[in-house]
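Asks: got a predicted structure plus its sequence, pasted below:
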Amino acid sequence: MVFIANFKMMLTTPMAVKLVNDNLADYKALATDSTIIICPPATALRDLQKISNQSSIQLGAQTCGPATTGAYTGDISPADLAACGATYCLVGHSERRNLYFENDVQVAAKAALLATLHITPVVCIGETLVDREAGNTLAILERQLTPVLSALNGLEEHVPVLIAYEPVWAIGSGLVPTPENLSTIFSALSEFMAKKVPTMTYKLLYGGSVSSKTVISLAQVKHLHGLLIGGASLDFQEFKKIVDYFHCPASN
Ligand code: 13P
């Protein structure tokens, strides 16, 4: 299982580094049985690079610029993210799509650029409540994925792809889809991937209000290979409970 801690813009660099350092031994222990990916603010990557070099804890970025170099004021090159230790990068997070108007084509181009640099893209997809209530969930997910899969065509050898299904209405709301609903969606996504890109290596993750409470129902979801965790990743004990649940559900 893959567990991604997305700190978003919730912590300053000193706070993010302290959170990781204060719990380093435990993060390392978690990373022996699972893939643990920490996505701090980009300014903290370099400070955490040594830790990731000396352990199996992985670092990820939360977004990246659209090119490796150029006149893109304020953006961070994916090559620079790699130089600072990032081996994963989120693309198309709903907050990027909503607040910064990133579209499917831009998300696909970033995913391909990351793959060429051997950074694993974590492609975020998800529908709004309006889409869901109109019965359009799968159509939206397929629309978001299709350009990404085309852009990654031929790059399968470089890195796998992680696909994070994050329903927009579940993010930060305390609400999660039922395990039955998620299993249906993940089965459909698996079939879609098998049809479109039979040779691509990928994992399906869920994100949106993952906590030590909601993990109990999420653990029942079929085809689930990991979790993308926002708010709960800011409290290490809460994050640990989520990861531990997948290893020993009976004792939780
Ligand atoms: P929450 O876990 O805070 O709902 O955030 C989910 C998310 O957006 C992770 O990328």
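Replies: Received it, and whenever you're ready, just let me know what you need. Numbers count the residues shown, from 1 in each chain.

Asks: look at the nearest residue to V105 once chain neighbours are set aside and report its pLDDT.
Replies: Computed as Cβ to Cβ, 6 or more residues apart in numbering, the closest residue to V105 that is not its neighbour in sequence is P147, at 5.7 Å. Quick note: C-beta positions are derived from backbone N, CA and C, even for glycine. Note on P147: pLDDT of 98.

Asks: neighbours of P147, how many?
Replies: Burial measure for P147: 18 neighbouring residues, criterion other Cβ atoms under 10 Å.

Asks: same thing with R46?
Replies: Neighbour count of R46, defined by other Cβ under 10 Å: 14.

Asks: follow-up on the earlier one: residues in contact with the residue nearest to V105?
Replies: Residues in contact with P147, defined by Cβ atoms under 8 Å, 6 or more residues apart in numbering, are 104-105, 107-108.

Asks: quick one: buried residues of the longest helix anywhere in the chain?
Replies: Of all the segments of type helix in the chain, defined by DSSP state H, the longest one is helix 179-196. Buried residues in helix 179-196, counted by 16 or more other Cβ atoms under 10 Å: 179, 182-186, 189, 192-193.

Asks: compile these into JSON lines and extend it with columns for distance to the ligand.
Replies: Listed next are those as JSON lines, based on distance: Cβ to the nearest ligand atom, whole Å:
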{"residue": "P179", "distance to the ligand": "17"}
{"residue": "L182", "distance to the ligand": "15"}
{"residue": "S183", "distance to the ligand": "20"}
{"residue": "T184", "distance to the ligand": "21"}
{"residue": "I185", "distance to the ligand": "16"}
{"residue": "F186", "distance to the ligand": "17"}
{"residue": "L189", "distance to the ligand": "17"}
{"residue": "F192", "distance to the ligand": "22"}
{"residue": "M193", "distance to the ligand": "21"}
